[in-house]
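> Got a predicted model here, sequence first, then my questions.
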Amino acid sequence: MATFGAFARDPAPGPARTAHDDCEAEYAVRGLEPDFSELGPELDAVAKAAKEMLAGMTPEQLDEIEDGIQRDYAAHVRKRN
């Protein structure tokens, strides 16, 4: 998961994020789940960056994110069933 490591170091939109998104899409197309078991420090870095990003958002921006998560979850449930 080299692309995740690069993404963890620089989670902003750009080449690292694009490469990681492409890798995620490839896993999804193949019906595979990536093994994140060895990515503890990278996962911590992404969680820290997300926490910092969320702390600077307005309530409206947070509501928009929540709405997107709910839509994604509902679509996942519909697909699963």
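Looks like it arrived, so ask away.
> which other helices and strands contact the longest helix along the chain?
Longest among the helix segments of the chain by residue count, using DSSP state H, is helix 59-80. Using 3 or more Cβ pairs under 8 Å, 6 or more residues apart in numbering; DSSP states H and E as the contact test, no helix or strand touches helix 59-80. C-betas here are computed from N, CA, C, even on glycine.
> Run the chain-centre distance for it.
13 Å (Cα atoms, centre = their mean, to the nearest Å).
> Output it in CSV, but only the C-alpha positions, please.
What follows is helix 59-80, C-alpha atoms only, in CSV (Å, rounded to 0.1, in the frame of the first residue of the first chain):
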residue,chain,number,x,y,z
PRO,A,59,-21.2,23.8,10.9
GLU,A,60,-22.6,24.0,7.4
GLN,A,61,-19.5,22.3,5.9
LEU,A,62,-19.8,19.6,8.6
ASP,A,63,-23.5,19.1,7.7
GLU,A,64,-22.6,18.7,4.0
ILE,A,65,-20.0,16.0,4.9
GLU,A,66,-22.6,14.2,7.1
ASP,A,67,-25.1,14.2,4.3
GLY,A,68,-22.6,12.7,2.0
ILE,A,69,-21.7,10.0,4.4
GLN,A,70,-25.4,9.2,4.9
ARG,A,71,-26.0,9.0,1.1
ASP,A,72,-22.9,6.7,0.7
TYR,A,73,-24.1,4.4,3.5
ALA,A,74,-27.6,4.2,2.1
ALA,A,75,-26.3,3.4,-1.3
HIS,A,76,-24.1,0.7,0.2
VAL,A,77,-27.0,-0.9,2.1
ARG,A,78,-29.2,-0.8,-1.0
LYS,A,79,-26.4,-2.5,-3.0
ARG,A,80,-25.8,-5.1,-0.3
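> May I see the buried residues of that helix?
Within helix 59-80, no residue is scored as buried using 16 or more other Cβ atoms under 10 Å.
> For the helix or strand hosting Ala6, name the packing helices and strands.
Element membership for Ala6, per DSSP states H and E: helix 2-9. Contacts defined by 3+ Cβ pairs under 8 Å, 6+ apart place helix 2-9 against helix 15-30, helix 40-55.
> Need the residues that contact it.
With Cβ atoms under 8 Å, 6 or more residues apart in numbering as the test, helix 2-9 has contacts from 16-17, 19-20, 22-23, 34, 36, 39, 41-43, 45-46, 49.
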